[in-house]
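J.: coordinates only, sequence not included:
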C-alpha cells in the first residue's frame, strides 16, 4: 500500500493520465459533428500517421508527458524524429490507433466511475440518481451507500498507474528509435567520448609539459646560484606558462561550448617553441628536420606536435637536462620522428603514467604507430605516421 501511494504521489502518474485523455478531445469534437459515424475517427488516423512530421510531434509529446526524465537524452527510449522509413510511418499509424483505443477506455473510466460515486452519494441522501437514472429501480435510498461512493474512485486510482505504464510501454515499442537511429545515436556518443578523451590528452600534454619545464627550471636555478641563469630560467618558465595558459583557454572554450572559435592548435611548424623550452631547461637538444613540414596535413602535424611535446616532457621528467636528439623527416607518404636521450633516470611510463599510452593512441588514431622503450642504453621514441590519413 505504501508503495502504491508513493506511485500515486509521482507527478508522472498524472502527466501520463493527461496524455491518455488528450485524444478523446478530438474524438469528442468528431462525435459532436457526426455521432453516427464514430468509427471514421479510426480510419482518419491512418493517413495522418503516414505523415513523417507526425512521428516527431508524437515523440515530443510522449517524451514530455510519459518519460519526462528522458527528455533531451541521447539514449531516450522514445525517439523525437520524423519518420525516415515506411516502417517508421506504419509504426506511427499503429501507435495512433493504440493511443486512440487506450484513450477511449481511460475516458470511460475517468468519467463513468466518478459519476457512479456521485449517484451513490445522491441515493445515500435519499434523492434520485443525478447521472445514471437506471440505478434508481434496484438501488435503495439508504445512508449506508455514502461510504461506498469511495469505491469507484478507488478503482479509478488503482487503474491509473497500470494504465500509465501500459501507454508508456506501447510508446516505447512503437515510437522507440529504429535500428538506424540507435546506430546514429551510438556513433554520436562515440564521437563525444573520443572528443573528451582528446581534450583530456590535450590538457595532460600541454599542462604536464609546462609544469615539468617549470619544476626543472626552478630546481636548476636554485642549485646554480647564478643571477644570469636564474633570469633565463624565469624567462623560460614565463614563456612556457604563457603557452600553457593559451592551450588551457582554448580547451576551456571547447568545454564551455560557447560557440566562439577555440583557437588554432599548434603544429610541427611551431616545434621550435618546444625545442627552445627544453633547451631553456638545460637540455642539449640536437634537432634535424628533413622534408617539407609545411606540406604535412593538419591532423598529422597537430598530433605530431603533441607527440613531440610528450616525448620532451618525459625526457625532462625522468632524465633531467640531458642531451636529446630529434630526427624528423617527411619521406614520401609518411612522417618519421625519432627522439632519443641517455637513459640516466627511471624509465618513463611507470606506474600510473599515461603519457606513453597517449602517444600510442594519437599515432593509432592516425593509422600510424609509436614505439617507446630502451634501446642500446638510450630511451627512444620512434613514431611513423601516414600522411594520407583523413580525420
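T.: Received it, and whenever you're ready, just let me know what you need. Computed from a prediction, not measured in an experiment: that's the story for all the values here. Numbers count the residues shown, from 1 in each chain.
J.: what segments of this protein are strands?
T.: 285-290, 324-331, 334-342, 369-375, 378-386 (DSSP state E).
J.: need the residues that contact the first one.
T.: I take that to be strand 285-290. The contact list for strand 285-290 (Cβ atoms under 8 Å, 6 or more residues apart in numbering) reads 271, 275, 278-279, 323-331. The way it works is simple: take the backbone N, C-alpha and C, and place the C-beta from them, glycine included.
J.: closest to residue 145 out of the strands of the chain?
T.: Ranking the strands of the chain by proximity to residue 145 (Cβ to Cβ) places strand 369-375 first, at 85.1 Å.
J.: so which of the strands of the chain is nearest residue 124?
T.: Closest to residue 124 of the strands of the chain is strand 369-375 (Cβ to Cβ; 86.0 Å).
J.: ok, of the contacts of strand 285-290, which come out buried?
T.: Listed as buried from these are 271, 275, 278-279, 324, 326, 328, 330; burial here means 16 or more other Cβ atoms under 10 Å.
J.: turn those into TSV, columns for pLDDT and distance to residue 82.
T.: Below are the buried ones among the contacts of strand 285-290 laid out as TSV (pLDDT from 0 to 100; distance: Cβ to Cβ, whole Å):
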residue	pLDDT	distance to residue 82
271	89	49
275	88	55
278	83	56
279	84	60
324	93	58
326	94	55
328	94	51
330	92	48
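J.: tell me which two of the residues you listed sit farthest apart.
T.: 279 and 330 (23.6 Å).
J.: and which of the contacts of strand 285-290 is nearest to residue 209?
T.: Using Cβ to Cβ, residue 278 comes nearest to residue 209 of these, at 9.4 Å.
J.: tell me the contacts of the closest one?
T.: 213, 285, 312, 315-316, 324.
J.: do the same with residue 388
T.: Residue 388 is in contact with 297, 333, counting by Cβ under 8 Å, 6+ apart.
J.: distance check, it against residue 297.
T.: Note on residue 388: its distance to residue 297, by Cβ to Cβ, to the nearest Å, is 8 Å.
J.: follow-up on the earlier one: list buried residues within the contacts of residue 278.
T.: 213, 285, 312, 315-316, 324.
J.: okay, who's weakest in those residues by pLDDT?
T.: Of all those, residue 213 has the smallest pLDDT value, namely 76.
J.: so who does the residue nearest to that one when sequence neighbours are not counted touch?
T.: Spatial nearest neighbour of residue 213, chain neighbours left out: residue 240 (4.6 Å); criterion: Cβ to Cβ, 6 or more residues apart in numbering. With Cβ under 8 Å, 6+ apart as the criterion, the residues that contact residue 240 are 209-210, 213-214, 277, 280.
J.: would TSV of these with distance to residue 336 be doable?
T.: Listed next are these as TSV, based on distance: Cβ to Cβ, whole Å:
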residue	distance to residue 336
209	22
210	27
213	26
214	31
277	23
280	27
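J.: return the closest of the residues you listed with respect to residue 374.
T.: Once Cβ to Cβ is applied, the member of those that ends up nearest residue 374 is residue 209, at 22.1 Å.
J.: show me what contacts that closest one?
T.: So residue 209 contacts 240, 244, 274, 277, 309-310, 312-313 (Cβ under 8 Å, 6+ apart).
J.: of the residues you listed, which belong to helices?
T.: Members of the contacts of residue 209 lying in helices (criterion: DSSP state H): 240, 244, 274, 277, 309-310, 312-313.
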